[in-house]
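Participant: sequence plus the predicted model coming up.
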Amino acid sequence: MATTVIPFGPQHPVLPEPVHLTLKVEDEIVKEAIPALGYVHRGLEKLCEIRDFNQMITVCERVCGICSMIHGACYSQSIEELMGIEIPDRAKLLRVIWSELHRMHSHLLWLGLFADAFGFEALFMQFWKIRERIMDINEATAGSRVIVSVNIIGGVRADLSPDQLRWILSELDIVEKEVRELQDTMMNDYTIKTRTVGIGVMTKAQAWELGAAGPTLRGSGVAQDMRQQGYGGYAFLDFEPVVETAGDCWARSTVRFREVLQSADLVRQAISKLPEGELAVKVKGNPPEGEVYHRVEQPRGECMYYIRGNGTKNLDRLRIRTPTFANIPPLLAMLPECELADVPVIVLSIDPCISCTER
Amino acid sequence: MLFTPTVVKNLLKKPATRKYPFEVREPFPKYRGELVIDIDRCIFCSSCERKCPSQCIAVDRDKGTWQCDPYACIYCGYCVDVCPVKCLSMKDVHRKPSTEKTEWIEQGTPPRHKKKETPKDAAPKGTAPVLDKSAAAAEEAAPAATEVAPEAKAEERPAAKDKKKDEKKGKK
């Protein structure tokens, strides 16, 4: 059988971000996929040499355009660990609230895009309509829809008043109700099942060996979530990772769907346990010499920050490993033996964030 | 037949979207929109310039100008938080898209001379026993600008330093 080479990307209708896959195809069946990255490299990590450690928060928030809050929180937590700062409990839980709201809107965005990838436009619009409520919460409480910019070293900048907390809870009830209305369609619809069940299967052993992260890993049956470590405010909350065992596109979308509901639950828990107190502690001096690793769970999976301080206000080194970077090898293992028409669905099922990956 | 209730419901419901240019939503009061400055209250302390992550603000104490590059501003609001006289604030609506690039320079009254003299008086005291190497190095590099905090000019504003050097070369 002759092999045809079909390029997927860097400009592809299903994915607004530039990733290139060279697909070697034999009669509509993909035999091999070779990735090419590096179209949107921004060199954010180099910036830490000229921006001081406080200014770097805003840079880290812009690593990802969807889960910016969690990047900012991870960076702040790393610096706090390096400097030995204990932040107030209220700040910890406020960070959890905004982080989980970000996870919810990121997953809702992805569920919409995923529906769009197999041509279910109506479902796409439904998910994005729900997402708008969470964007409004972000905008009303923190001042911006996506780049909430609430983290500072030593705590948070914005506070939630009791009225706002009540409003968030009532909005969350509506969001949860509306998401549950779509549950049956997303999980049991005949059309969706034909496009997702048994497509892009990755076994538990494969997922573990290839170092998958986040919902891609949990969709294959590995119960690993960085929030289990109890970093930040997660130590106060009851939490159990969402796991599906099938390992196909359906399992990965179901994990994300259930995580939306779980995040709503975590926000409620955090609000119920929110103590009174200070928002931030005063930070004096520069980060000392030393290095620190910090891992957090992002909507797309485990994100790792490595920071090395040298006693000045500029950091020696800032290294960010984003979840999509970890999920590319699993993607390449999923693609062989799939049909060419299923490639967009499989690529989207890892929730690729290429701008994150290239920073 | 299966969809009839949904179709009827959708016909009777209001659309979820707004007809945007004709119907604009009330802005949220905390929204970080356009940055505005009340230049008459500004004391030209340069706190905003030092805190700004995108370094889009330039304050000139001698001339009494406050300059901001609105295209580099990232609307983080750090300058608003740090301003000691609260002359900076943020509108709850965002800036309209512009068709050409404009400069935004605010001219205010420069602070009185009395304030300018104090750092000059303090400067020789600091330099006589050379304690701080970085401060001394900074003064060697840019002796013209003594009124700015020493660490700020040496490390954070390499561009400004180069400009000053260029000016000197031009004069020579």
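Facilitator: Structure received. None of the values given here were measured: they were computed from a predicted structure.
Participant: is it true that B:Ile39 touches B:Val59?
Facilitator: No. B:Ile39 lies out of contact with B:Val59 (C-beta atoms under 8 Å); the separation is 10.9 Å. In this view, the C-beta of every residue, glycine as well, is placed from N, C-alpha and C.
Participant: what score does residue 64 have for pLDDT?
Facilitator: All of this refers to chain A. Reading off the confidence values, A:Cys64 has pLDDT 83.
Participant: right idea, wrong chain: chain B
Facilitator: pLDDT recorded at B:Gly64 is 80.
Participant: B:Tyr78 too?
Facilitator: We have a pLDDT of 87 for B:Tyr78.
Participant: so how far is B:Tyr71 from A:Gln126?
Facilitator: 37 Å (C-beta to C-beta, to the nearest Å).
Participant: so which of the two has more stuff around it?
Facilitator: A:Gln126 (22 against 12; other C-beta atoms under 10 Å in any protein chain shown).
Participant: what's the first helix or strand after whichever strand or helix holds the more buried one?
Facilitator: According to DSSP states H and E, A:Gln126 maps onto helix A:121-142. Reading on from helix A:121-142 to the C-terminus, the next helix or strand found by DSSP H and E is strand A:151-152.
Participant: and that next one, what other elements does it pack with?
Facilitator: Applying 3 or more C-beta pairs under 8 Å, 6 or more residues apart in numbering or on different chains; DSSP states H and E, one finds that strand A:151-152 makes contact with helix A:56-61, helix A:68-83.
Participant: could you dump these to TSV with distance to A:Asp342?
Facilitator: Shown next, in TSV, are the helices and strands packed on strand A:151-152 (distance: least, C-beta to C-beta, whole Å):
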stretch	distance to A:Asp342
helix A:56-61	35
helix A:68-83	30
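Participant: among those, which is nearest A:Leu111?
Facilitator: Of all these, it is helix A:68-83 that lies closest to A:Leu111, at 18.3 Å by C-beta to C-beta.
Participant: and the closest one, how far out from the chain middle?
Facilitator: 15 Å (C-alpha atoms, centre = their mean, to the nearest Å).
Participant: tilt between the next helix or strand after it and helix A:121-142?
Facilitator: Using DSSP H and E, the helix or strand that follows helix A:68-83 towards the C-terminus is helix A:89-117. Helix A:89-117 runs at 160 degrees relative to helix A:121-142, counting by axes from the mean of the first three to the mean of the last three C-alpha atoms, to 10 degrees.
Participant: just the angle between helix A:89-117 and helix A:68-83, please?
Facilitator: Interaxial angle, helix A:89-117 versus helix A:68-83 (the same axes, to 10 degrees): 140 degrees.
Participant: give me the mean pLDDT for helix A:89-117.
Facilitator: 90.
Participant: quick one: the strands in chain A?
Facilitator: A:4-8, A:20-26, A:29-36, A:151-152, A:155-156, A:290-298, A:301-309, A:315-321 (DSSP state E).
Participant: save these as JSON lines, and put in mean pLDDT and mean neighbour count too.
Facilitator: Converted to JSON lines, the strands of chain A look like this (pLDDT from 0 to 100; neighbours: other C-beta atoms under 10 Å in any protein chain shown):
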{"stretch": "strand A:4-8", "mean pLDDT": "88", "mean neighbour count": "13"}
{"stretch": "strand A:20-26", "mean pLDDT": "88", "mean neighbour count": "17"}
{"stretch": "strand A:29-36", "mean pLDDT": "88", "mean neighbour count": "16"}
{"stretch": "strand A:151-152", "mean pLDDT": "88", "mean neighbour count": "26"}
{"stretch": "strand A:155-156", "mean pLDDT": "88", "mean neighbour count": "24"}
{"stretch": "strand A:290-298", "mean pLDDT": "89", "mean neighbour count": "19"}
{"stretch": "strand A:301-309", "mean pLDDT": "89", "mean neighbour count": "21"}
{"stretch": "strand A:315-321", "mean pLDDT": "87", "mean neighbour count": "18"}
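Participant: which residues touch the nearest residue to A:Gln11 once chain neighbours are set aside?
Facilitator: Leaving aside its chain neighbours, A:Gln11 sits nearest to A:Pro18 (6.9 Å; criterion: C-beta to C-beta, 6 or more residues apart in numbering or on different chains). Applying C-beta atoms under 8 Å, 6 or more residues apart in numbering or on different chains to A:Pro18 gives the contacts A:9-11, A:39-40, A:354.
Participant: most neighbours out of the residues you listed, which is it?
Facilitator: Highest neighbour count within the contacts of A:Pro18: A:Ile354, with 22 neighbours (other C-beta under 10 Å).
Participant: show me what contacts that one?
Facilitator: A:15, A:17-19, A:37, A:39-40, A:324 are the contacts of A:Ile354 under C-beta under 8 Å, 6+ apart.
Participant: pLDDT value on residue 11, please?
Facilitator: Here I'm looking at chain A. A:Gln11 carries a pLDDT value of 83.
Participant: can you look at chain B instead?
Facilitator: 89.
Participant: now do B:Thr118
Facilitator: Reported pLDDT at B:Thr118 in the predicted model: 46.
Participant: A:Asp265 now?
Facilitator: For A:Asp265, the predicted pLDDT is 90.
Participant: then B:Ala138?
Facilitator: With respect to pLDDT, B:Ala138 scores 44.
Participant: list the buried residues in stretch A:172-181.
Facilitator: For stretch A:172-181, the buried set under the neighbour-count rule, 16 or more other C-beta atoms under 10 Å in any protein chain shown, comprises A:172, A:175-176, A:179.
Participant: can I get those in a markdown table with distance to chain B and pLDDT?
Facilitator: Converted to a markdown table, those look like this (distance: C-beta to the nearest C-beta, whole Å; pLDDT from 0 to 100):
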| residue | distance to chain B | pLDDT |
| --- | --- | --- |
| A:Leu172 | 18 | 91 |
| A:Val175 | 14 | 92 |
| A:Glu176 | 17 | 91 |
| A:Val179 | 15 | 90 |
